[in-house]
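Visitor: could you work out the structure for the sequence below:
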Amino acid sequence: MKIINGNVTTPKGFSASGVHSGLKKLKKDMAVIKSEKLCRAAGCFTTNIVKAAPVIYDMKTVKNPVLGVVINSGNANACTGEQGLRDAEKTAEIMAELCGCKGENILVASTGVIGVNMPMDIIEAGVKACYKGLGSDFESGEDAAEAIMTTDTFKKSVCVQIEIGGKTVTLAGMAKGSGMINPNMATMLCFITTDADISSEVLQKALSAAVIDSFNMISVDGDMSTNDTVVVLANGMAENPEIKEDTEEYNKFFEALFHINKTLAVKCAADGEGATKLIETHVYNAKTKKDARIMARSVVSSNLFKAAIFGSDANWGRALCAMGYSGADFEPDKVSLTFVSENGSIDVMKKGKPVVFDEDIAKRVLTAEKIIVEIDADCGQFEATAWGCDLTYDYVKINGDYRS
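Guide: Numbering: from 1, shown residues only. Below you'll find the predicted structure:
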């Protein structure tokens, strides 16, 4: 696998654009991704019972051949009833008419304020402007990545290439995510393009598996969104032999797809609203994979632990406490815990007992921008990693006036 400087327009046959339509003040707020050919698609969506109209629409539409996707920021089109569903379908139809396809061949996605009807005059003008501005160059892909941002502080893109059957296959993705992020489909939007030849069934299997240890393992604030969406579009223009399930080629493709998902997931965690530090929790030697995942996610989701990391306070008891109420099966008396960063490492708990440590060294370790929490459960052979961020004053400031 080769990591390259690219984005969603890098795979063959894809174009994109991002414009300012008026949903937000001054900032780009609408994006389009389009393929030259109909794509096989796959998607994973929020597990929240309250689902936004675009999610409801896409869960049905993603099973069809897909030519493109329309994304807006600034309005989530969530909790908007039947009107919201009609607006989602209308948005797809506007794009479909421009592309010369059917509405059922276009996906839609939204992010922003919940409970506000879509201003369809702005949406229609925005779709047309996006379509007019479509480009297959790098800058067009960057414009699209910028247009889907809400409280994000930076664009999130990644691109890799692999070789399948003597052909170069490219995968690229862009995502937005900063707040309302919690495991089990974190609150974010992610769009992945690839020129691979792969069936929709095999693509769905790969995506569902890739999401488990990437987007399902991040947390910013414990709030699960109504709009979470991960979509992959594969147009087959690399002309590789079709990737079949349970083959070496599938494994290679899955590795690349997982890299895309994991990289974007970690970027979302690092860009948590108001965050100053990325927290990576690695639990190993757990009884089961499920237990490892549950414990790792619980630690990065603990507001008390996140606040301690913000203050560079080695309050490791909060991590153990989070493991204890997680529902995972482990023995506290066997647990060891170590903090690691570019500034060094320090053991704070060994085999269930506190370690007398130098507070100044601990403070130095925890002042780095990335903190790794190594947890040895010492009761099995399974491991998992979760990512989150610290909890700062700015998180409250950002969310205290989000609508304004």
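Visitor: now do the contacts for S17.
Guide: 31-32, 130-135, 140, 143-144 (C-beta atoms under 8 Å, 6 or more residues apart in numbering). Placement of C-beta: from N, CA and C, glycine included.
Visitor: mind listing what's buried in the helix or strand in which it is found?
Guide: When elements are assigned from DSSP states H and E, S17 belongs to strand 14-19. By 16 or more other C-beta atoms under 10 Å, the buried positions in strand 14-19 come out as 14-19.
Visitor: buried residues, stretch 39-57. List them.
Guide: For stretch 39-57, by 16+ other C-beta under 10 Å, it's 39-46, 48, 51-55, 57.
Visitor: do stretch 197-214 as well
Guide: Under the neighbour-count criterion of 16+ other C-beta under 10 Å, stretch 197-214 has 197-200, 202-207, 210-214 buried.
Visitor: spatially, which two of those residues are the most separated?
Guide: Farthest-apart pair in the buried residues of stretch 197-214 is D197 and D213; separation 25.6 Å (C-beta to C-beta).
Visitor: who's in contact with K351?
Guide: So K351 contacts 333-336, 378 (C-beta under 8 Å, 6+ apart).
Visitor: let's see that with 7 Å instead.
Guide: By C-beta atoms under 7 Å, 6 or more residues apart in numbering, the residues touching K351 are 334, 336.
Visitor: out of the contacts of S17, which are inside strands?
Guide: Those of the contacts of S17 mapping onto strands are 31-32, per DSSP state E.
Visitor: for the spatially most central residue of the chain, which non-adjacent residue is closest in space?
Guide: Centroid-nearest residue in the chain, with C-alpha atoms, centre = their mean: A265, separated by 4.2 Å. Using C-beta to C-beta, 6 or more residues apart in numbering and skipping the chain neighbours, the partner closest in space to A265 is S214 (4.3 Å).
Visitor: next one, pLDDT for that neighbour please.
Guide: Looking at S214, its pLDDT reads 92.
Visitor: surely it touches N261?
Guide: Yes. Using C-beta atoms under 7 Å, S214 is in contact with N261, at 3.8 Å.
Visitor: could you list the single helix or strand in this structure with the lowest mean pLDDT?
Guide: Ranked by mean pLDDT, DSSP states H and E, the weakest helix or strand in the chain is helix 393-400, scoring a mean of 80.
Visitor: list the buried residues of it.
Guide: Result for helix 393-400 [16+ other C-beta under 10 Å]: buried residues 395, 399.
Visitor: circling back: any idea how far the residue nearest to A265 is from D137?
Guide: Distance from S214 to D137, counting by C-beta to C-beta, to the nearest Å: 28 Å.
Visitor: identify each buried residue in stretch 116-134, please.
Guide: Buried residues in stretch 116-134 (16+ other C-beta under 10 Å): 116, 118-119, 122-131, 133-134.
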